[in-house]
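Peer 1: Return atomic coordinates for the entry below.
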Amino acid sequence: MIRTRRFLVLAGALATGGALWWSFDAWSGGSSAAPPIVKAPLQSEPSSASPRQREISAAWHEVLANCKDGRDPEAIRKQLVALRERWSEEDDLYLVAQSISQLLKTGEDAKTGLRLETGPQGLRGWPTMRVFLLDFLSTADPDLAVEVAREILASTSSAEEYAVALKPLLMKGPWRASDEELQEHFAKLLATPEWQTREGLAEALDLPRVASSSGTADVLARWVDASPPAVEAGEIALHETAAQTPSVLVGLIAEDRTLFEDQPELRASLMARATVSDGGQATEVNAYLRDPAISKQEKESFLALYPLRSATTGYRLYGQPPKPFERNQVVADDQAALQAVTHWMADPAMAELAPSLKSLQGRLQTWVGQAGD
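Peer 2: Purely as a prediction, here's the structure:
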């Protein structure tokens, strides 16, 4: 089974400075065993390789041989961490990057026995030796990493390689791929049947949050709506995206009312991420509550959750962990929400929701009052 760990904070009481934390494990069917080794045509090292490049290659091949000999995975991890530190201290990182590019072209690989695991400085668990190379390359030379990444994305049969290859395309600056390209790559990842239960796919579900684009969010939403094996991890990724950029998910649901129509609880919880201090989102929430096609039960679920500010943290494959909610913004949003609820209570079209609206009004009045104390 795939296991992804995230840490959630219930931030409904942030107006008073309080927060409740707990760990959350998302599981999906399948095996967490190391990914299959990618079979690529073997190419020898170029004869023009410098003595230093040969030393870099030899150091990597030493760990590769240990993997093939069945060395303890934790011993392999220590070797790889030491190798990463040694390479990071090189005066000429471009030379290291060139060496990595050549090693990737040889097609050589071996399983490490490690899971794909994120850490504070990139990965701290590399399931294969090629994944280790791709991870280091993304920081050693972004220009070359982007070039290599596109080659990998077009040819690899490994979900883990594919996910790690996407890293440089999400970096800020000139390396950042267009929203259209990211959407295309992400769609390919989610559409590949043999990757549905891989750890690489699970980690890559964070891409829409980092990309903050409606295109990648739409791909994720449609995938979750089809109830894939890793649907729980997908739902968490949707909420992380909605927590960071609520207008994206709220906008998608507003544009297509059939989205999540068979998962009303999920749709209600995503709509509960809306920030009505934003005029566009306020309009979309009003339309949602007045829509006769939306069941009363779903609307009551929305009102019971609204405003939903659960958040997550933890190391990520792409970018920084989600930012915590800012107290001043929470207070301002609560005040705007209280004004919105007052209008909803006076709307005859929402009369059947009066008990739920009154409960929400009381909750918001308490929070706004506490924030002013």
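
Peer 1: sec struct for the closest residue to L83 other than its chain neighbours, please.
Peer 2: Take L83 and drop its neighbours on the chain: the residue closest to it by C-beta to C-beta, 6 or more residues apart in numbering is A59, 5.9 Å away. (Each C-beta comes from the backbone N, C-alpha and C, glycine too.) The three-state label for A59, taken from DSSP: H, G, I helix; E, B strand; the rest coil, comes out as helix.

Peer 1: Where does pLDDT dip in the stretch 51-200 of the chain?
Peer 2: For the stretch 51-200 of the chain, no stretch is flagged by pLDDT under 70.

Peer 1: all helices of it, in order?
Peer 2: Ranges of helices in the stretch 51-200 of the chain, per DSSP state H, counting those that start in this stretch, are 51-68, 73-88, 93-106, 129-140, 142-155, 159-165, 179-191, 199-204.

Peer 1: Tell me which of these sits nearest to G279.
Peer 2: helix 179-191 (23.8 Å; C-beta to C-beta).

Peer 1: hmm, back to that, so which of the helices of the stretch 51-200 of the chain is nearest I253?
Peer 2: helix 179-191 (18.3 Å).

Peer 1: Can you list the buried residues in that closest one?
Peer 2: L182, Q183, E184, H185, F186, A187, L189, L190 (16 or more other C-beta atoms under 10 Å).

Peer 1: just stretch 277-285 next, same as before
Peer 2: Buried residues in stretch 277-285 (16+ other C-beta under 10 Å): S277, D278, Q281, A282, E284, V285.

Peer 1: Next up, the contacts around the second one.
Peer 2: The one in question is D278. P246, S247 (C-beta atoms under 8 Å, 6 or more residues apart in numbering).

Peer 1: Report pLDDT for it.
Peer 2: On the pLDDT scale, D278 is placed at 95.

Peer 1: Tell me which stretches of the stretch 201-350 of the chain form helices.
Peer 2: With DSSP H, counting those that start in this stretch as the criterion, the stretch 201-350 of the chain has helices spanning 207-211, 214-225, 231-244, 246-255, 264-271, 279-290, 296-305, 327-345.

Peer 1: Nearest to Q361, out of the ones you listed?
Peer 2: Q361 lies closest, by C-beta to C-beta, to one member of the helices of the stretch 201-350 of the chain: helix 327-345, at 4.9 Å.

Peer 1: so A337 makes contact with L303?
Peer 2: No. Counting by C-beta atoms under 8 Å, A337 stays clear of L303, with 10.9 Å between them.

Peer 1: Check the closest residue in space to G319 that isn't next to it in sequence and give its pLDDT.
Peer 2: Take G319 and drop its neighbours on the chain: the residue closest to it by C-beta to C-beta, 6+ apart is V210, 4.2 Å away. V210 carries a pLDDT score of 96 in this model.

Peer 1: residue contacts, V210?
Peer 2: L170, R316, Y318, G319.

Peer 1: related to what we said a few turns ago, and of the helices of the stretch 51-200 of the chain, who's closest to D262?
Peer 2: It's helix 179-191; of the helices of the stretch 51-200 of the chain, that one is closest to D262 (C-beta to C-beta) at 18.7 Å.

Peer 1: Run the angle between that closest one and helix 142-155 for me.
Peer 2: 40 degrees (axes from the mean of the first three to the mean of the last three C-alpha atoms, to 10 degrees).

Peer 1: ok, the spatially most central residue of the chain to L220 distance?
Peer 2: Compute the mean C-alpha point of the chain, and by C-alpha atoms, centre = their mean the closest residue is D206, 0.8 Å away. Separation of D206 from L220 (C-beta to C-beta, to the nearest Å) stands at 10 Å.

Peer 1: what sits in contact with each of the two?
Peer 2: The contact lists of D206 and L220 share A237, where a contact means C-beta under 8 Å, 6+ apart.

Peer 1: Leaving out chain neighbours, which residue sits closest to L317?
Peer 2: L317 sits nearest to E203 (C-beta to C-beta, 6+ apart), 4.4 Å away.

Peer 1: cool, P73 as well?
Peer 2: Closest to P73 by C-beta to C-beta, 6+ apart is G113, at 3.3 Å.

Peer 1: State the number of residues packed around the one you found.
Peer 2: Using other C-beta atoms under 10 Å, the number of residues around G113 comes to 19.

Peer 1: tell me the contacts of it?
Peer 2: A34, C67, D72, P73, I76.
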